[in-house]
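J.: build me a structure from this.
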Amino acid sequence: QVQLVESGGGLVQPGGSLRLTCTASGFTFSRYTMRWYRQAPGKEREWVAVITNTGDSTNYADSVKGRFIISRDNAKNTAYLQMNSLKPEDTAVYYCKATLITGPLNYWGQGTQVTVSS
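T.: You can find the predicted model right below:
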């Protein structure tokens with residue numbers, strides 16, 4: 001059974017940090033590119049960050065560049081999103097997505113809520 005489970009969300013003050021975790025099961029994690037997306041209330045889902053299947057390349061949306069870091073541990077079937085210097089506009093449900101490197105096969109997690117507020 002394929003599963004992607006996000007965790008690590010919560011309430012944090014502006015300027016604070018959180019680390020999100022995306023744990024995969026039921027598929028060969030190392031053959032998938034991993035992405036993080038987020039969706040704020042009343043807004044469309046937007047892409048946040050991407051990491052290649054080997055972890056040798058990453059890219060970020062301009063809105064999070066320099067503050068967020070995406071990483072992965074293929075031995076643990078896990079991807080991470082380290083979020084620093086959080087702002088109220090980072091408040092959203094965060095989702096991870098796995099995409100097979102050889103074809104258009106995608107899996108999504110159920111999301112984890114991040115709220116940045118004082």
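J.: what sits against the residue nearest to the spatial centre of the chain?
T.: Taking C-alpha atoms, centre = their mean as the criterion, Trp36 is the residue nearest the geometric centre of the chain, at 3.1 Å. Applying C-beta atoms under 8 Å, 6 or more residues apart in numbering, we find Trp36 in contact with 20, 22, 47-50, 70, 79, 81, 94-97. For glycine as for every other residue, the C-beta is placed from the backbone atoms N, C-alpha and C.
J.: give the buried subset of the residues you listed as a PyMOL selection command.
T.: Command for PyMOL, covering only those of these found buried under the criterion 16 or more other C-beta atoms under 10 Å:
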select buried, resi 20+22+48+49+50+70+79+81+94+95+96+97
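J.: where do the helices of this structure begin and end?
T.: For the chain, helices defined by DSSP state H do not occur.
J.: in it, which segments are predicted with low confidence?
T.: By pLDDT under 70, the chain has no low-scoring segment.
J.: and the strands in this structure?
T.: 3-7, 10-12, 18-25, 32-39, 46-51, 58-60, 68-73, 78-83, 92-100, 106-108, 112-116 (DSSP state E).
J.: which other helices and strands contact the second one?
T.: Right, the one you point to is strand 10-12. When contacts are defined as 3 or more C-beta pairs under 8 Å, 6 or more residues apart in numbering; DSSP states H and E, strand 10-12 sits against strand 112-116.
J.: what do you get if the cut-off is 10 Å, keeping everything else the same?
T.: Here strand 10-12 is seen to pack against strand 18-25, strand 112-116 when contacts are counted using 3 or more C-beta pairs under 10 Å, 6 or more residues apart in numbering; DSSP states H and E.
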